[in-house]
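Undergrad: got a predicted structure plus its sequence, pasted below:
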Amino acid sequence: MIIAMKSNATEEQINHVCEKIREFGYAAHLIRGEERVVVAAVGRGDYKDQLQSLKFSPAVADVAAITQPYKLVSRDVKADRTVIRLGDLEIGGRRLVVMAGPCSVETREQLMETAEAVKRAGAQILRGGAYKPRTSPYDFQGLEEVGLKLLAEAREATGLKVITEIITPEDVELVADYADILQVGARNMQNFALLKKLGRVAKPVLLKRGMSSTIKELLLSAEYIAAHGNDRIILCERGIRTFETATRNTLDLAAVPLLHELSHLPVIVDPSHGTGRRTLIRPAAKAAVAIGADGLIIEVHPHPDQAWSDGPQSLTPSEFAETMKELRRYALIESRSMN
Ligand code: PEP
Ligand code: MN
């Protein structure tokens, strides 16, 4: 149920409604939209009638059911788009956010060179995996904490924010100590223990769509994080598995406007994993901007042919700079900006 407060409701009245909801056996989540405050009552309680009766409270404008299975992340509870603030950065605002860097953190030289290059080209966030969920156990698994330290060093040197993947619940505190944004990879989209733990972290989470997951499943995974207390979630379309094998994945671009219709959360696109091919990254990135993505995450490596992972879908620094230049023009057509 959503309990929409009147625009002149006081904090005391809002708190009172939250207390009532808890008394009825539901969790109360406050959602502050541009025009109104909404309290979402979620849970499996048996007191729907009592919740309905809240509409007689003087500060309550309306009580309505949340029709979607995902509640807190749905548009039902918040009509305006969520903008996630991260220091001086806004994710989901007018300005597009670009995260770029290597698939894996390999060496100090590799990371620093890439970080400087993507910064020069206009990216705001450095990506780089320190914990790698590889299909084969014999492939490079990541530098782990050494990689996290290198990412922190690169942040220090460039001023870029840092995003990195978290693959187990046990490592959440450690990774959160170093990263500005925690990335949940496609393979972990339904690692519910991990999602619950990320709900208790005070850092934004980038949630990638599982390679065989539906939009509904993606939103329900986001709901896990929100229901456990963290509403700073960025959704990421990174391609899904289909019968087509010419590309690594099939980039489901229609997911972007659909996710925006169904959810208030920001949505970004990963054209690297979405296509698996260097030559397709730029056209796919342009299409992502045109279809309304709030940003991009792109793999960049100084020497893609020597990369320890995902070289074929990584841009060189100069290809990335060219791509950014072209994207700037596309952003303007969409009334978006890039720095
Ligand atoms: C990655 O970003 O390097 C990665 C492993 O992505 P995904 O989870 O989308 O496969
Ligand atoms: Mn990768």
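TA: Received it, and whenever you're ready, just let me know what you need. Numbers count the residues shown, from 1 in each chain. Ligands and ions are numbered 1, 2, ... in the order given.

Undergrad: switch to C-alpha atoms for all contacts and neighbour counts from now on
TA: Will do.

Undergrad: Met324: how many residues sit nearby?
TA: 22 (other C-alpha atoms under 10 Å).

Undergrad: what's the closest non-adjacent residue to it?
TA: Ala121 (6.6 Å; C-alpha to C-alpha, 6 or more residues apart in numbering).

Undergrad: what's near enough to touch the one you found?
TA: Residues counted as contacts of Ala121 (C-alpha atoms under 8 Å, 6 or more residues apart in numbering) are Phe320, Ala321, Met324.

Undergrad: you'd agree the first one is up against Pro302?
TA: This means Phe320. No - between Phe320 and Pro302 there is no contact under C-alpha atoms under 8 Å: 10.4 Å.

Undergrad: and these two? Which one has more around it.
TA: Phe320 (25 against 22).

Undergrad: whichever residue of the stretch 51-200 of the chain sits closest to ligand 1: what's it in contact with?
TA: Residue of the stretch 51-200 of the chain nearest ligand 1, by C-alpha to the nearest ligand atom: Gly185 (3.2 Å). Each residue near Gly185 by C-alpha under 8 Å, 6+ apart is listed here: Glu165, Ile166, Ile167, Leu207, Lys208, Arg209, Gly210.

Undergrad: burial count for the second one?
TA: So that's Ile166. 28.

Undergrad: in helices, which of the contacts of Gly185 appear?
TA: Using DSSP state H, no member of the contacts of Gly185 falls within helices.

Undergrad: near ligand 1, list only the ones from those.
TA: Restricting the contacts of Gly185 to those near ligand 1 by C-alpha under 6 Å from any ligand atom leaves Lys208.

Undergrad: does Gln52 really touch Val63, like I thought?
TA: Yes - between Gln52 and Val63 there is a contact under C-alpha under 8 Å: 6.1 Å.

Undergrad: which parts of this protein sit against ligand 1?
TA: So the chain meets ligand 1 at Cys103, Gly185, Ala186, Arg187, Lys208, Arg238, His273 (C-alpha under 6 Å from any ligand atom).

Undergrad: can you redo these as TSV with distance to Ile333, pLDDT and secondary structure?
TA: What follows is the residues of the chain next to ligand 1, written out as TSV (distance: C-alpha to C-alpha, whole Å; pLDDT from 0 to 100; DSSP: H, G, I helix; E, B strand; the rest coil):
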residue	distance to Ile333	pLDDT	secondary structure
Cys103	30	98	coil
Gly185	31	98	coil
Ala186	31	98	helix
Arg187	35	98	helix
Lys208	27	98	strand
Arg238	24	98	coil
His273	26	98	helix
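
Undergrad: where do the strands sit along the protein?
TA: 2-5, 27-32, 37-42, 60-64, 84-86, 89-91, 97-101, 125-127, 161-165, 181-184, 205-208, 233-237, 267-269, 295-299 (DSSP state E).

Undergrad: and stretch 205-215, end to end?
TA: End-to-end distance for stretch 205-215: 17 Å, by C-alpha to C-alpha, to the nearest Å.

Undergrad: roughly how far out does it sit from the chain middle?
TA: From the chain centre to the centre of stretch 205-215 is a distance of 10 Å (C-alpha atoms, centre = their mean, to the nearest Å).

Undergrad: for stretch 123-139, same thing?
TA: The answer for stretch 123-139 is 16 Å, by C-alpha atoms, centre = their mean.

Undergrad: buried ones in that stretch, by neighbour count?
TA: Within stretch 123-139, the residues scored as buried using 16 or more other C-alpha atoms under 10 Å are Ala123, Gln124, Ile125, Leu126, Arg127, Gly128, Gly129, Ala130, Tyr131, Lys132, Pro133.

Undergrad: and for stretch 293-312?
TA: Quick answer for stretch 293-312 (16+ other C-alpha under 10 Å): 293-302, 304, 307-312.

Undergrad: can you check stretch 33-48 too?
TA: So, applying 16+ other C-alpha under 10 Å, buried residues of stretch 33-48: Arg36, Val37, Val38, Val39, Ala40, Ala41, Val42.

Undergrad: need the contact list for Glu156.
TA: Contacts of Glu156 (C-alpha under 8 Å, 6+ apart): none.

Undergrad: helices of the stretch 51-200 of the chain, residue ranges please.
TA: 108-121, 145-158, 172-178, 192-198 (DSSP state H, counting those that start in this stretch).

Undergrad: okay, these in a markdown table with mean pLDDT next?
TA: Shown next, in a markdown table, are those (pLDDT from 0 to 100):
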| stretch | mean pLDDT |
| --- | --- |
| helix 108-121 | 98 |
| helix 145-158 | 98 |
| helix 172-178 | 98 |
| helix 192-198 | 98 |
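
Undergrad: quick one: closest of those helices to Ile268.
TA: With C-alpha to C-alpha as the criterion, Ile268 lies closest to helix 108-121 of the helices of the stretch 51-200 of the chain, at 17.6 Å.

Undergrad: distance of Val39 from Gly87?
TA: 27 Å.
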